[in-house]
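**Q** Predicted model follows, preceded by the sequence.
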Amino acid sequence: MQPRVTAILVAANGADHLDRTLDALAAQTRHPDDLVVVDVGTTDGSTAELSFGGSAQLVRLPGGRSFGDAVLQGERSTQPADPDVPADEWLWILGHDNAPAPTALEAMLAAVEIAPSVAVAGPKLVDPDEPSRLRAFGESMTRAGRSIALVQDELDQGQHDRHTDVLGVAAGGMLVRRSVWVELGGFDPALPDVDAALDFCVRVRLAGHRVAVVPEARVTSAGPIEEFGRKRVSEGRRVRMHRQAQLHRRLTYASAGTLWFHWLMLVPLAVLRAIGHLVAKHPAAVTGELAAAFAVAFGGGVRRARATLARNRSLGWAAVEPLRVSWRRVHEHRTTTRDVELARVEDAPIARASFLSNGGVWVVLGAAVLSVVSLFPLLGSPALTGGGLLPLSTDVGRLWQNVGYGWHSLGTGFTGPSDPFAAVVAVLGSITFWSPSTSVVLVMLLAFPLSATGAWFAVRKVTTRTWVPVIGAVLYTVAPALVGAVTTGHLGAVIAHVLLPWLFLAVLDAHRSWAWASGASILFAVVAAAAPSLIPVLLVAWLVALVVGWRRAHRRVFIPVPAAVLFLPLVLAQVARGNVLAVFADPGVPSATRAPSALQLAMGQPLPDWSGWLPAISTLAVVVTVLPVLMAVLALPVAAAAIGAMLGHRWAVAGAVLVLALLGYATAFAATHLTVTGVGSTTTIVWPGSALSVYWLAVVAAACIGLDVLPKAAPVAGLVATVLAAVAVAPAFAAFYLHTAVIQPTSGRVLSAYVNAEAQANPDVGTLVVDPQDDGSLAVSLERGQGSTLDDQSTLDATALTLSRSGARLATLAGNLASRSGYDPRPALRELGISFILLDDADGRNGDAQAVHDRAAGAIGQNALFTSIGETTNGQLFHYDGTVDRTTTGSAAATATHVLYLVVLGIVFGAAALLAVPTAPRRRRATSNVLEAEEPATTFDEERDE
């Protein structure tokens with residue numbers, strides 16, 4: 001008696017394959033007795049005109065139903081021919097892309113006829129367009145439950161035909177005994193996408209039956225089961241499907257004693273694996289990993305699956321152990337299937353300059369010598385002060401306490417967000433944790449060699465001649481913006497200048513890997529935090545990079561995310577104040593900056609002193625008059641080379657960097673007209689040097705491209721341009737010897753030793769600092785403990801449009817103390833917690849400042865409430881003997897917000913850092929296929945012989 005076969009064909013938007021599959025069914029040498037076509041919400045019209053009669057029927061289901069559910073509904077739509085003898089009936093499961101070869105069904109029926117213990121048989125799944133290529137041929141799983149295709153995407157040369165006994169087969173083309181299907185309840189409803197067939201085959205094995213593949217039977221497959229009926233499956237969704245199926249089966253197969261352990265470890269393991277995905281540069285898999293763990297942990301379905309398994313199980317796990325894939329085979333499988341293709345360069349490879357053999361290392365060493373000579377007074381100094389600098393807090397914990405949102409002890413104190421630059425300072429101080437202020441000294445000393453290194457690699461990226469990067473490195477190192485930032489104490493501008501070449505490189509290569517993209521995101525955030533005035537030009541450059549490389553923009557699109565997280569609290573606070581432009585204020589100690597002219601900006605000069613030439617030759621009136629012309633002549637070779645680059649064959653690249661130069665110049669020009677920071681009794685402009693660093697980098701890149709395409713005279717032209725550019729900034733490098741440098745080495749003590757000693761016992765002790773101004777006014781500040789530090793500074797305070805109540809009271813107190821009056825200062829001193837008054841010296845200032853100083857010294861000195869401590873290195877110190885209140889340190893809510901924000905920063909930047917860690921691919925030798933198991937498998941011929 002011939003066994004009865006019911007073919008169940010599931011169709012879901014399969015217009016490209018359905019007709020071919022139906023024709024293949026009609027061409028079978030052994031026709032199925034019944035045919036059920038299950039249409040799952042098809043919208044492409046492929047099943048609209050289907051109609052059957054007789055033994056064929058059409059079942060329509062709404063969209064969204066799983067493949068297994070569709071098969072179950074198709075099976076239920078037909079009744080067994082002989083309910084008393086269901087063992088002779090078979091179900092043949094097919095998808096719309098599973099077109100069987102003419103002899104496929106006949107071959108599988110012949111195979112199961114000679115092997116009665118086989119309850120499930122599967123064919124070879126082959127490519128529809130290339131039948132000689134195997135898509136799949138058997139499935140198995142590791143001891144951890146991960147499913148593995150035994151054969152995948154190989155040329156079929158009969159090399160696997162002797163292995164017929166397998167743990168599982170794919171759903172497409174599966175021939176299953178109907179009685180077994182009904183007894184086991186079909187596919188698990190909790191596995192709607194992947195691994196449903198493997199799970200079913202495992203349960204078949206544990207029920208005492210066998211699963212086998214039939215090499216003679218061939219069925220096409222257009223893709224994996226998760227793509228069935230879908231146009232596209234994202235990487236994150238694919239990870240979620242496979243991981244969710246693995247975790248569900250792990251809990252289903254686990255023993256009762258280990259079930260709770262597996263359940264408790266679902267989420268912690270998901271977090272660890274998510275970190276692993278970041279390290280492996282698969283960020284899209286992170287959400288899928290976490291979603292799978294939560295879905296299995298709290299989604300249900302495991303209890304029903306475990307009950308079904310227990311009800312039908314008759315054998316132990318030892319029955320399937322030989323068919324599992326061992327750890328050694330898993331390793332070989334991963335080695336074989338790992339993506340080992342290196343990133344391919346679209347253009348022909350170009351011989352690039354070598355850093356060691358083509359002058360790179362020598363120009364860096366030369367920059368280091370230049371740094372030692374020009375900044376010699378800084379060597380051995382533990383801290384710096386002056387300009388935009390102050391020493392850092394001596395405690396690393398205090399550095400991080402000033403990051404994020406919380407209470408700030410600056411001035412009279414306030415609650416609010418800190419500058420993003422505070423995070424950069426905290427990282428620097430943590431590097432030299434034994435002396436945090438030393439990190440600032442190191443940044444200044446290493447600024448020149450680090451800038452040379454970055455510029456060398458950046459120029460090498462856009463040029464071909466081996467000597468050109470040396471020229472570019474020297475030009476970028478002697479940039480007026482860099483030496484000006486170093487000597488005036490603009491730490492953020494120095495950091496931005498050093499990192500800009502690396503940001504340029506990272507953005508250019510961000511499309512190649514997640515490592516470059518994540519590195520670019522971190523550099524973007526650090527540069528923006530160090531120099532907020534660069535945010536507009538950075539965003540424009542990012543948008544241009546997205547548009548130009550739109551085909552591979554999925555990595556670049558996330559570059560600004562860390563910076564956005566870093567700036568969000570400050571932006572919201574400034575928007576609430578109605579002072580949005582204050583976001584671009586320079587971080588650090590507010591310091592007065594004179595605005596250079598438009599001509600000086602065009603020559604890269606951030607200050608109007610012509611890089612120190614003006615004070616150096618101030619006694620030579622004639623030279624001072626022609627100085628702008630002389631400086632223009634010195635800058636002419638670099639400008640000519642940059643513009644001349646447009647005449648060469650690389651005009652497109654040169655044009656792009658010149659547009660970037662124009663953006664940098666426009667930003668610098670705008671910075672000279674933006675006054676948002678208060679300094680004493682006046683306001684100051686935004687430091688234009690940061691934007692000029694962008695401008696200078698782009699000009700240097702364009703000039704190097706111009707030199708790269710010049711004929712044989714190019715080396716001479718490059719040498720002349722470099723020498724003249726160095727001459728233009730020579731006095732700036734000699735600033736410490738000409739006594740024009742603003743920054744100075746210091747011991748790290750901000751206030752006098754007397755105040756420091758008091759601060760040891762009372763960290764909140766307040767010192768009122770009164771500084772006479774040249775216009776006859778007083779600058780007033782309140783410092784806590786051992787004095788204000790660089791990490792204490794806040795642009796939210798420096799750009800405040802109005803005084804707070806306590807700030808107004810502080811100003812009233814200082815004004816009355818500096819002159820004789822009937823004002824009683826004791827209530828204000830007690831409320832503000834002020835125990836000391838420091839009157840700054842007025843030496844070297846004009847007569848108005850000296851007069852104000854003398855009047856204030858007399859008024860305070862003759863006030864019986866104060867005791868004169870005497871002259872200190874900072875000025876004249878007075879002590880208030882009365883009782884003062886302890887100052888507040890912020891609310892519990894502010895502390896909780898601070899901790900939460902640090903956690904968010906840690907997650908965002910931690911993820912970016914993990915992705916930025918390079919993991920270079922390695923080429924591996926091919927290994928044997930997973931299907932080649934350690935133990936010989938049982939074949940149909942062996943069972944027939946038995």
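**A** That came in fine, so what should we check first?
**Q** Buried residues of stretch 417-433, list them for me.
**A** Neighbour counts over stretch 417-433 (16 or more other C-beta atoms under 10 Å) mark 417-426, 428-429, 432 as buried. C-betas here are computed from N, CA, C, even on glycine.
**Q** what sits against the residue nearest to residue 637 when sequence neighbours are not counted?
**A** Distances taken as C-beta to C-beta, 6 or more residues apart in numbering place residue 721 nearest to residue 637, at 3.7 Å, with adjacent residues excluded. The contact partners of residue 721, taken as C-beta atoms under 8 Å, 6 or more residues apart in numbering, are 471, 475, 637, 638, 641, 703, 707.
**Q** Quick check, residue 312 in contact with residue 203.
**A** Yes: with contacts counted by C-beta atoms under 8 Å, residue 312 reaches residue 203, the gap being 6.3 Å.
**Q** Who has more neighbours out of the two?
**A** Of the pair residue 312 and residue 203, residue 203 is the one with more neighbours under other C-beta atoms under 10 Å, namely 23 against 16.
**Q** In this protein, which strand is the longest?
**A** strand 210-220 (DSSP state E).
**Q** For that strand, which helices and strands make contact with it?
**A** helix 104-113, strand 118-126, helix 196-206 (3 or more C-beta pairs under 8 Å, 6 or more residues apart in numbering; DSSP states H and E).
**Q** does residue 698 really touch residue 665, like I thought?
**A** No: counting by C-beta under 8 Å, residue 698 stays clear of residue 665, with 9.1 Å between them.
**Q** low-scoring stretches of the stretch 651-800 of the chain, by residue?
**A** 680-681, 712 (pLDDT under 70).
**Q** circling back: what residues are shared contacts of residue 312 and residue 203?
**A** With C-beta under 8 Å, 6+ apart as the test, residue 312 and residue 203 both reach residue 184.
**Q** Strands along the stretch 1-150 of the chain, start to end?
**A** With DSSP state E, counting those that start in this stretch as the criterion, the stretch 1-150 of the chain has strands at 4-11, 34-40, 56-61, 89-95, 118-126, 133-136, 139-141, 147-149.
**Q** in its sheet, what does the second one sit against?
**A** In the sheet containing strand 34-40, the strands it pairs with under DSSP bridges are strand 4-11 (parallel), strand 56-61 (parallel).
**Q** Residues in contact with that strand: which ones?
**A** Outside strand 34-40, the residues that touch it by C-beta under 8 Å, 6+ apart are 4-12, 25, 47, 50, 52, 55-65, 67, 70-71, 73-75, 77-78, 229.
**Q** and the gap between residue 313 and residue 228?
**A** Computed as C-beta to C-beta, to the nearest Å, the residue 313 to residue 228 distance reads 29 Å.
**Q** of the two, who's got more company?
**A** Neighbour count, other C-beta under 10 Å: between residue 313 and residue 228, residue 228 has more, with 27 against 15.
**Q** Surely that one touches residue 12?
**A** Yes: in this structure residue 228 lies within contact range of residue 12 using C-beta under 8 Å: 6.5 Å.
**Q** For residue 879, give me its contacts.
**A** Here residue 879 is in contact with 835, 836, 837, 866, 867, 868, 869 (C-beta under 8 Å, 6+ apart).
**Q** Quick one: buried ones out of the residues you listed?
**A** Buried, going by 16+ other C-beta under 10 Å: 835, 836, 837, 866, 869, out of the contacts of residue 879.
**Q** As TSV, these with pLDDT and distance to residue 161 would be great.
**A** Listed next are these as TSV, based on pLDDT from 0 to 100; distance: C-beta to C-beta, whole Å:
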residue	pLDDT	distance to residue 161
835	88	92
836	90	93
837	90	96
866	89	102
869	88	98
